[in-house]
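Asker: Make a model of this:
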Amino acid sequence: MRRPVLLVVAHGSRDPRHAATVHELVRRVRARRPGLRVETGFLDFNVPSVGAVLESLDAEGVRDVVALPLLLTRAFHAKADIPAVLSEAPPRLRIRQADVLGPSPLLLAALERRLYEAGLTPADKSSTGVVLASAGSSDPEAIAVIADIAREWRHTGWCAVRPAFASASLPRTEDAVRELRELGCARVAVAPYVLAPGRLPDRIAQGAAEADVLSDVLGPSPEVAQVLLDRYDAARTPLLTALGA
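Answerer: Numbering: from 1, shown residues only. As a prediction, this is how the structure comes out:
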């Protein structure tokens, strides 16, 4: 029996850097799992749309699809937008929605590697405060998850870790930077907990003006690619079981 197609569901953006990063990440996923068919669909702004990809797969005779939200937290898009789009798919398709990417130890590893790429070293951890800067959400569950990740990351040896949000929630990145300064951290780093460049990551970068280090977005890192495959595997197992595979 053929493996289900992996459909990566991205948000989309008017910023061309967003789609370029998504496509680069998908190429990395394909390289890590030869033989797995991986398609990309966007909820807004970019093409192809999720609906168009599903129609095309149905026309080809594909029957099993794992739809994977390219999202770090389970907020409105994962809870409402994506299920709504998938509900309009051709009825012959059997679709299972995978979990969002976060939280995951691999994502923490990617965040840390980005900080080292930006100039920090492991020896700097105990004297460095980190701002875990996310896009932000009005969903309390998503906000709580970011706070939990910050607390968990603090226990790996950083001077302190504070969550911050580019929209919808507080504190903002610049406020968290000031808090870490007042706490007495020798240096302050900002780690964007976002997948791709765009308007909100740019806002995070502006808020990091007074920080000592600003790392890059997670992007097409190998850790993110592996999390995608882990979420795919977890979602496809019950689908194959139901089909008697």
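
Asker: By mean pLDDT, flag the weakest helix or strand of this protein.
Answerer: helix 76 (a mean of 84; mean pLDDT, DSSP states H and E).

Asker: Next SSE downstream of that one?
Answerer: Where DSSP states H and E defines the elements, the next helix or strand beyond helix 76 is helix 82-87.

Asker: Direction included, what does the helix or strand harbouring residue 132 pair up with?
Answerer: Assessed by DSSP H and E, residue 132 sits inside strand 128-134. Pairing partners of strand 128-134, with direction, according to DSSP bridges: strand 160-165 (parallel), strand 187-193 (parallel).

Asker: Run through who's touching the longest one.
Answerer: Looking back up the chat, that one is strand 187-193. Strand 187-193 has contacts (CB atoms under 8 Å, 6 or more residues apart in numbering) with 72, 102, 107, 111, 114-115, 118, 120, 124, 127-135, 146, 149, 164, 173, 177, 180-181, 201, 204-205, 207-208, 210-218. Where C-beta positions appear, they are placed from N, C-alpha and C, glycine not excepted.

Asker: Of these, which belong to strands?
Answerer: Secondary structure assignment by DSSP state E places 128-134, 164, 213-214 of these in strands.

Asker: ok, residue 55 to residue 91 distance?
Answerer: In this view, residue 55 and residue 91 are 12 Å apart by CB to CB, to the nearest Å.

Asker: Between these two, tell me which one has more neighbours.
Answerer: Comparing residue 55 with residue 91 by other CB atoms under 10 Å, the one with more neighbours is residue 55, at 16 against 7.

Asker: Output the below-cut-off pLDDT ranges for the chain.
Answerer: Low-confidence segments of the chain, defined by pLDDT under 70: 1, 239-245.
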